[in-house]
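S.K.: okay, here's the prediction I keep looking at, along with the sequence it came from:
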Amino acid sequence: MARLELSGVSKSYGAAVALHPTTLSVADGEFLVLLGPSGCGKSTLLRIVAGLLDPTAGELRLDGERINAATPRERDVALVFQNYALYPHKSVAQNLSFPLEVQGRSKDEIAAQVRATAALLGIETLLARKPSELSGGQMQRVALGRALVRSPRLFLFDEPLSNLDAQTRADMRREIAQLHARHRITTLYVTHDQVEAMTLGDRVAVFERGVLQQLGPPMEVFRAPATTFVATFLGAPPMNLVPVSVAGARYELGGLSHAGAPVDQGAVVLGVRPHHLELLEPPHGALPVRVERVERLGGQSTLTLACGANALVAQVRGDATFAPGEAAAVRWPPSEVHWFDARSGRRLPAAP
Amino acid sequence: MNHGPGLRLWRRIAMALVAYAFLAPLVYLLSVSLHAEGRGLGGSLLEAAGDPRWENYPAALARMGDWGRLFANTLLVTVLCVAGQLLTCSLAGYAFARIDFRGRDALFALVLATMMLPEQATSIPRFLLFRGLGLVDTYGPLTLPAVLGGSPFFVFLFRQYFLALGAELGDAARIDGCSHLRAWWSIFLPLARPMLVTVGIFTFLAAWNDLWTPLIYLMSPEKSTLTLALASFNRSYNTAVELMMAASAVVLAPCLLVYFLLQRLFLRGIEVAASKH
């Protein structure tokens, strides 16, 4: 049982602001992903919650109790590090039992807990080994075990899968999801990987340059990104963003005038996801483009298209027969168009 | 690397010369210690081989007086120095490396700055301090400096070593519920073994061979250390060189023993200290 509330939490180093005042709450048992590029403040926030870093301002509450001044021990949080941070001089078993020893649990209890945790993670055969004798995936499994062994109130992950190869990363991701489904420990998970964010999180908090940009369920954030940054950070390939100028609620693109602009006048950004672009044989009245590049990925192909001075990326079926240099036309469902303010990057409501 | 046989030969010759330079005095000491009485410092290295006077050794020990007590005194002082130095230097190094407190860097600079003071410059104020504390003719002046943080250089070495171990390890220990003291004792100290051995050997040799401090502070003969006893072999007239060398060999033996036993760990610590900063 743990409900975490942050209000106005910020961190600055002199004039440099690592994290602007941030307010968010994590419900009991929730899995919240903090997503963003490196240096966006997500790890700073995690370390503040862990008690490794003091916030410059703001308040942290765990189950309603103020924990600003509490040590990591008093907060009873567990943290899984990107580089595992296993104790190199201790065996796997000793790494697992260490947090319990520090808590002063009895020998029998420690042995039982270590056994149960090792069984849960399938590392019973590794117990006698030293960390230097383990593979990356095994080390992260042990690190997970060390965090899990004392049933913390709060589970924190700091890019735990970044150092693993693709296959192990996918396996561990599934395992973390299963562990959370089974134990329902409130979790904060820092990553820059959108796949982890989409698949693991009950909700996703997207950060950019120390500012929380958007907070919501992954699909909601994906469907209605609040800013151009969120629009391009979530989704691969990223959303197409095309600056257009609007006059009389019509906008111009590819030499043609289109209806459906969200404002009457001014500069806006049109956004459309690559998989919503439909390619047609020219002319067909749609937007004329030229195929610049074709990347065949098997099941699907990624096309780079030139549309006047703008570049568009389209995701089409793998057997689509377009070649570089060809002329084509694109269209997209009007309901899948996103509009953003050109200056602030903020989302605009669609045209009425 | 590709070394030709010629280069390898030269390297061997160079190393042999260096080894000779270090070994020769030791061999000479052993050789003289077996000389007949009154031969003084003359004679070749091999002179004693024909007629070794093993009785010089019991005679030298007898001349030293209560040699068992001298050994015990020296051992006590040395062990206190080594234990004190290892604990306090590593603890201070941990604090400078791992704890973020106000004025830390300025304080660390100050600690390093004290390295520039030669011992001779501080010995008079230090004597006045210990006299004021009533500690003259006790082991306090010999051991307290080591127990109370000792050498700034060793604090520096431990700090560098702990910094090189990485911040995540300390964070992990804190997350696992450790206080700083517990993190130092359970995680950082065991990982610093090569450094502990290196600092331990340096401290052992310095304390065991120290003549200056006991000479200044110790008066009672029953508190005397081995180096003081060795120094007393030097008389204005009639210095029994062969006995002095025999006594020196006996006093030296523990140092050699400690070094050879811990040699491999010692070298690892030196390498670490040289490569990480």
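M.R.: Sure, I can see it. All values reported here derive from a predicted model rather than from experimental measurement.

S.K.: enumerate the residues of chain B near chain A.
M.R.: Contact residues, chain B versus chain A (Cβ under 8 Å from any Cβ of the partner chain): B:166, B:168-169, B:171-179, B:182, B:186-187, B:190-191. Any C-beta I mention is one placed from the backbone N, CA and C, and that applies to glycine too.

S.K.: residues in contact with B:Gly6?
M.R.: Applying Cβ atoms under 8 Å, 6 or more residues apart in numbering or on different chains to B:Gly6 gives no contacts.

S.K.: one more: B:Ser179?
M.R.: A:Arg73.

S.K.: and the pLDDT at it?
M.R.: For B:Ser179, the pLDDT comes out at 91.

S.K.: roughly how far apart are it and B:Ile201?
M.R.: 30 Å (Cβ to Cβ, to the nearest Å).

S.K.: equivalent analysis for B:Trp67, please.
M.R.: Distance of B:Trp67 to B:Ile201, computed by Cβ to Cβ: 24 Å.

S.K.: okay, now the unreliable bits of chain B?
M.R.: For chain B, applying pLDDT under 70 flags the ranges B:1-3, B:39-40, B:42-49, B:149, B:235-238, B:269, B:272-277.

S.K.: repeat the analysis, applying 50 as the threshold.
M.R.: Applying pLDDT under 50 to chain B flags residues B:276-277.

S.K.: what's the longest helix in it?
M.R.: Counting by DSSP state H, the longest helix found in chain B is helix B:241-275.

S.K.: buried ones in that one?
M.R.: Neighbour-count burial for helix B:241-275, counted by 16 or more other Cβ atoms under 10 Å in any protein chain shown, picks out B:241-252, B:254, B:258, B:262, B:265-266, B:269-270, B:272-273.

S.K.: domain-wise, how is the chain divided?
M.R.: In the absence of a named chain, this looks at chain A. What automatic domain parsing lists as the domains of chain A is A:4-232, A:237-348.

S.K.: my bad, chain B
M.R.: Annotated domains of chain B cover B:1-53, B:66-275 [automatic domain parsing].

S.K.: tell me the most buried of those domains?
M.R.: Scoring those by mean neighbour count under mean count of other Cβ atoms under 10 Å in any protein chain shown gives domain B:66-275 as the most buried, with a mean of 17.

S.K.: all helices of the stretch 151-300 of chain A, in order?
M.R.: Here the stretch 151-300 of chain A has its helices, by DSSP state H, counting those that start in this stretch, at A:166-183, A:194-200, A:218-223, A:228-233.

S.K.: pick out the residue of the stretch 151-300 of chain A closest to chain B.
M.R.: Nearest residue of the stretch 151-300 of chain A to chain B, counting by Cβ to the nearest Cβ: A:Leu156, 8.2 Å away.

S.K.: what's the spacing between that residue and A:Leu212?
M.R.: Counting by Cβ to Cβ, the gap from A:Leu156 to A:Leu212 is 17 Å.

S.K.: which ones are touching residue 233?
M.R.: Chain wasn't specified; assuming chain A. Going by Cβ under 8 Å, 6+ apart, A:Phe233 touches A:Leu35, A:Gly36, A:Pro37, A:Gln194, A:Val206, A:Glu208.

S.K.: looking at chain B here, not the other one
M.R.: By Cβ under 8 Å, 6+ apart, the contact list for B:Phe233 reads B:Arg63, B:Thr239, B:Ala240, B:Leu243, B:Met244, B:Ala247.

S.K.: again, but for A:Lys90
M.R.: Contacts of A:Lys90 by Cβ under 8 Å, 6+ apart are A:Phe98, A:Lys130, A:Pro131.

S.K.: one more: B:Leu91?
M.R.: The neighbourhood of B:Leu91, defined by Cβ under 8 Å, 6+ apart, consists of B:Trp184.

S.K.: you'd agree it is in a helix?
M.R.: Yes. Under DSSP: H, G, I helix; E, B strand; the rest coil, B:Leu91 falls within a helix.

S.K.: can you say which of the contacts of A:Phe233 are buried?
M.R.: Among the contacts of A:Phe233, those classed as buried by 16+ other Cβ under 10 Å are A:Leu35, A:Gly36, A:Gln194, A:Val206, A:Glu208.

S.K.: just flag the most distant two among the residues you listed.
M.R.: Using Cβ to Cβ, the buried ones among the contacts of A:Phe233 reach their maximum pairwise distance at A:Gln194 and A:Glu208, which is 13.6 Å.

S.K.: what residues does chain A put near chain B?
M.R.: By Cβ under 8 Å from any Cβ, the residues of chain A that approach chain B are A:50-52, A:71-73, A:77-79, A:81, A:83, A:85-89, A:98-99, A:102-103, A:146.

S.K.: give me the distance between the nearest residue to A:Pro274 once chain neighbours are set aside and A:Glu159.
M.R.: With sequence-adjacent residues excluded and distances taken as Cβ to Cβ, 6 or more residues apart in numbering or on different chains, A:Pro274 is closest to A:Gln315, at 4.1 Å. From A:Gln315 across to A:Glu159, the span is 27 Å (Cβ to Cβ).
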